[in-house]
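Enquirer: Here is my input; please provide its structure:
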Amino acid sequence: MRLSPRKPVLFLLSLSLVASVPESIAKKKSTNPESAVNQQRRAVHALNRLAFGPRPGDVQQVMAMGVDRWIDLQLHPEKISDSALDARLAAFRTLHMNPRQMVEEFPDGAMVRQVADGKRPMPVDPARRAIYQVQVERLEAKEEEKRQQAEGAAAQSAAAPKQDVMMNDPSSAANTAKTEAELAAAAAANPDAGSASAESSAMSAGVTSNAAPGSASANKTPPAEDADAGLMEDRLYADLDVQKLPDLAPDQRYKKILSMPADEQIAFADALRGGKGQEFLTGLDPKQKEVLLAMNNPRGVITDELMQAKLLRAIYSERQLEEVMTDFWFNHFNIFINKGADHIFVTSYEEDVIRPHALGRFEDLLVASAKSPAMLFYLDNWLSIGPNSMQALNVPLHAPRNGPYRYPPNPRAKGKRNSGLNENYGRELLELHTLSVNGGYTQRDVTEVAKVFTGWTIDKPTEGGGFLFDARKHEPGPKFVLGHRIRFKGEAEGREVLHILATSPQTAHFISLKLAERFVSDDPPPALVDRMAKTFLKKKGDIREVLSTLFHSPEFWDQSAYRAKVKTPLEFVVSAARASGAEVEDAMPLARQLANMGMPLYGAQPPTGYSMNAESWVSSSALLNRMNFAMTLTAGRVRGVKVDTVQLAGDSGSPFDPAAALSTMEAKLLSDDVSKQTHDSIAAQVQSQSNGVKSKPPDASMIAGLLLGSPEFQRR
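Expert: Next up is the predicted model:
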């Protein structure tokens, strides 16, 4: 069931969402802090803020444990077992690969080009060979197509003036007649010669056959087309062979594909592109699946596994706060997965830079992000060269200086000066990562910081190399940043600047503000932010301590904060899967839903990342997309995701009672936090569906979908 904006229920829900917390919910607050109602609301609030929303039974478990104890445990994720999630992620081998391994196993265009040009050998291992072989064949076919198109265009361009001359030359008709007469005489003198040789002579003489349609000459295919026809016939047989693959046992199927000639492997890869992938992949182990998928799209294996892992962690991890904070910091130190080589660096960036430091010291996280190849590539710092560096002046590494910090230009150097200071990282480091846009820095500070980080580069980025400090690119001399004189000391200059920024009061306030916006409200109380900033400075940027100050503050638990934050698309999709108890076998359809909602995973192009505020996500079209997703999810129409709405409705074996089902699911999906307006709107929609002569009668999936699309569920 897909809803249109004209449905009255959607209109009412949309009105509610942009309003404040529904009054009927607000009145549920108890004046007795120890009451069961109050404890339930505290548990719901904690799960909505520190986690991606409650799963069935979570609220009761948190209440039994005690909300404060649960929060303390979430602040120490190393104490929480996550073995069930680990089992789900075991199939994704790329999560444990470094970028160099990824490039070797799942080659990009540059690596395929090197193999095609003979600069690298074709792999001997059958699995890797199959991946490379298909990509090389596709590359060569594409280049051959371009070459033929270019030759055809050139031939057409050359023939155009010649044709004009012939049309204007009275003797051209006579010459053509004379040539045809000569060919006829030659054919009479040699009666054994077939029409093919005659046509060949005519073609070599530049004469086009004018045989009548249906004649032997007219039906004869030119040699080039003969070759194409042969290839098409081979591909047809290959396609027929490919269609039989699903009938084979998994191991036999895998070995059969690896032993295929190149044209059949391409046919198989094309079949995967056609959406029949599951038929070919059924029963294969993780490595076998990766190999076959990589034959179709090597880069896609890396990105798909990364996206699936993010969603599965958010949905199933017991370490929910760690997942929330990993998402928060990735967004804060944003990079874009589709910027060139970054697609091979993002996995390591999240696994080795963001996640291990998500609840640690901010300075450690700042340094790790600054040295990450993913960040160096995204903000182009790996290309930054000091204007007076050795490389800019083309001088050797150990050249004598001309003065304390200057190098004389190399008079024998050829070409232009190899210089180019890039300020991208310097600017975003000050504006987005630490001080904020109003942090008191100047353009000169940006330029000086950019000079500090010259030489912070990547060792062979297209091959998945790591951080490298290149002294030849580093700008010599002292720098002056925020009133501090930074002595000339190479890579150590960057560490000094990062320390200054990490311990700045402006940074403490900015980071505290962003955390309060994520966990409290779009406009958090200034007094709370100030207390968090004091903790930040006192505890030397300990993120766990800052969050503890936040979670134990009266502002966090204030009634005005309850269900006051509009969920981002990621929070909405994940919380819907968690609340409904969904069983996710394939998370990629959920990732595609997020892209449709305007929040593709790892897909924020600007360094600002995605907004956490309501104004970015509340619109009539956005709300309609969310409602349609909720209805699609509960109806079981999201491939790879199963939701048992009958169980959610409290299956009693009796005939389905819509009113009872609505009441049961309001408790399970929303802990009874449903306004009278929302309840009446859904009840009216269910009733109208029941009374409709041609309409499908209401069922549990429809009621669940309406509740997941409700304004109360849209908020956390």
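
Enquirer: Tell me the helix or strand right after the helix or strand encompassing residue 545.
Expert: Assigned by DSSP states H and E, residue 545 falls within helix 543-551. Using DSSP H and E, the helix or strand that follows helix 543-551 towards the C-terminus is helix 554-557.

Enquirer: which helices and strands does that following helix pack with?
Expert: Packing contacts for helix 554-557, counted by 3 or more CB pairs under 8 Å, 6 or more residues apart in numbering; DSSP states H and E, involve helix 36-50, helix 526-538. Heads up, the C-betas are built off the backbone N, CA and C, glycines and all.

Enquirer: which of these is buried the deepest?
Expert: Counting by mean count of other CB atoms under 10 Å, helix 36-50 has the highest mean neighbour count of the helices and strands packed on helix 554-557, with a mean of 20.

Enquirer: for this structure, which spans come out with low pLDDT?
Expert: 1-34, 161-241, 274-277, 397, 399-419, 652, 692-696 (pLDDT under 70).

Enquirer: Could you report the distance from residue 262 to residue 134?
Expert: 7 Å (CB to CB, to the nearest Å).

Enquirer: With neighbour numbers in mind, choose between those two.
Expert: Comparing residue 262 with residue 134 by other CB atoms under 10 Å, the one with more neighbours is residue 134, at 24 against 15.

Enquirer: where exactly do the strands run in this structure?
Expert: 456-458, 467-469, 479-481, 484-486, 583-584, 641-642 (DSSP state E).

Enquirer: Throw the helices and strands packed on helix 554-557 into TSV and include distance to residue 367, thanks.
Expert: Conversion of the helices and strands packed on helix 554-557 to TSV gives the following (distance: least, CB to CB, whole Å):
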stretch	distance to residue 367
helix 36-50	27
helix 526-538	17
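
Enquirer: Between those, which one is closest to residue 322.
Expert: helix 36-50 (9.9 Å; CB to CB).

Enquirer: on contacts alone, who are the packing partners of the closest one?
Expert: helix 58-65, helix 67-74, helix 320-332, helix 554-557.

Enquirer: Apply 6 Å and report the result again.
Expert: helix 58-65, helix 67-74 (3 or more CB pairs under 6 Å, 6 or more residues apart in numbering; DSSP states H and E).

Enquirer: Of these, flag the one that's most buried.
Expert: helix 67-74 (a mean of 17).

Enquirer: Show residues contacting that one.
Expert: If you take CB atoms under 6 Å, 6 or more residues apart in numbering as the criterion, helix 67-74 is touched by 42, 43, 46, 50, 62, 321, 551.

Enquirer: Quick one: closest of the helices and strands packed on helix 554-557 to residue 310.
Expert: From the helices and strands packed on helix 554-557, taking CB to CB, the stretch that ends up closest is helix 36-50, at 17.8 Å.

Enquirer: OK, contacts around residue 422?
Expert: Here residue 422 is in contact with 380, 383, 384 (CB under 6 Å, 6+ apart).

Enquirer: Return the distance of the residue nearest to the second one when sequence neighbours are not counted relative to residue 439.
Expert: Read it as residue 383. Using CB to CB, 6 or more residues apart in numbering and skipping residues adjacent in sequence, the residue nearest residue 383 is residue 422, 5.7 Å away. Residue 422 sits 21 Å away from residue 439, going by CB to CB.

Enquirer: Ok, residue 430 next?
Expert: 6 Å.

Enquirer: Of those two, which one has the most company?
Expert: Using other CB under 10 Å as the criterion, residue 430 and residue 439 rank with residue 430 on top: 25 against 18.

Enquirer: quick one: contacts for that one?
Expert: Residue 430 neighbours (CB under 6 Å, 6+ apart): residue 441.

Enquirer: switch to 8 Å and redo it
Expert: By CB atoms under 8 Å, 6 or more residues apart in numbering, the contact set of residue 430 is 439, 441, 445, 446, 449, 501.

Enquirer: likewise residue 668?
Expert: Here residue 668 is in contact with 56, 579, 648 (criterion: CB under 8 Å, 6+ apart).

Enquirer: which of those residues are buried?
Expert: Among the contacts of residue 668, those buried by neighbour count (16 or more other CB atoms under 10 Å) are 579, 648.

Enquirer: Helices - which of the contacts of residue 668 land there?
Expert: If you go by DSSP state H, the contacts of residue 668 have 579, 648 in helices.

Enquirer: Tabulate the contacts of residue 668 (a markdown table), appending distance to residue 477.
Expert: Shown next, in a markdown table, are these (distance: CB to CB, whole Å):
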| residue | distance to residue 477 |
| --- | --- |
| 56 | 63 |
| 579 | 59 |
| 648 | 67 |
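
Enquirer: And the chain, split by domain according to the record?
Expert: 8-29+564-714, 83-168+226-316, 325-502, 507-561 (automatic domain parsing).

Enquirer: Find the nearest non-adjacent residue to residue 487, please.
Expert: residue 478 (5.7 Å).

Enquirer: How many residues are close by that neighbour?
Expert: Residue 478, neighbours per other CB under 10 Å, totals 14.

Enquirer: can you tell me which residues contact it?
Expert: Contacts of residue 478 by CB under 8 Å, 6+ apart are 405, 485, 486, 487, 488.

Enquirer: cutoff 7 Å now
Expert: By CB atoms under 7 Å, 6 or more residues apart in numbering, the contact set of residue 478 is 485, 486, 487, 488.

Enquirer: ok, so what distance separates the last one from residue 443?
Expert: Which is residue 488. In terms of CB to CB, residue 488 sits 22 Å off from residue 443.

Enquirer: which of the two has more neighbours?
Expert: For residue 488 and residue 443, the more surrounded residue by other CB under 10 Å is residue 488, and the numbers stand at 14 against 9.

Enquirer: where does the nearest residue to residue 625 once chain neighbours are set aside fall, phi/psi-wise?
Expert: Leaving aside its chain neighbours, residue 625 sits nearest to residue 597 (5.3 Å; criterion: CB to CB, 6+ apart). Torsion angles at residue 597 (phi, psi; degrees, to the nearest 10) stand at phi -90, psi 0.

Enquirer: Enumerate every residue touching residue 597.
Expert: Per CB under 7 Å, 6+ apart, neighbours of residue 597: 569, 622, 625.

Enquirer: Tell me, how many residues neighbour the first one?
Expert: When you say that, I think you mean residue 569. Residue 569 has 21 nearby residues by other CB under 10 Å.

Enquirer: What residues does it make contact with?
Expert: Contacts of residue 569 (CB under 7 Å, 6+ apart): 594, 597, 598, 599, 617.

Enquirer: separation between the second one and residue 647?
Expert: What that stands for is residue 597. Counting by CB to CB - residue 597 and residue 647 are separated by 27 Å.

Enquirer: measure the nearest residue to residue 90 once chain neighbours are set aside to residue 309 for me?
Expert: Excluding the flanking residues, the one nearest residue 90 by CB to CB, 6+ apart is residue 286, at 7.2 Å. Distance, residue 286 to residue 309, using CB to CB: 13 Å.

Enquirer: Also residue 267?
Expert: Distance from residue 267 to residue 309, by CB to CB: 31 Å.
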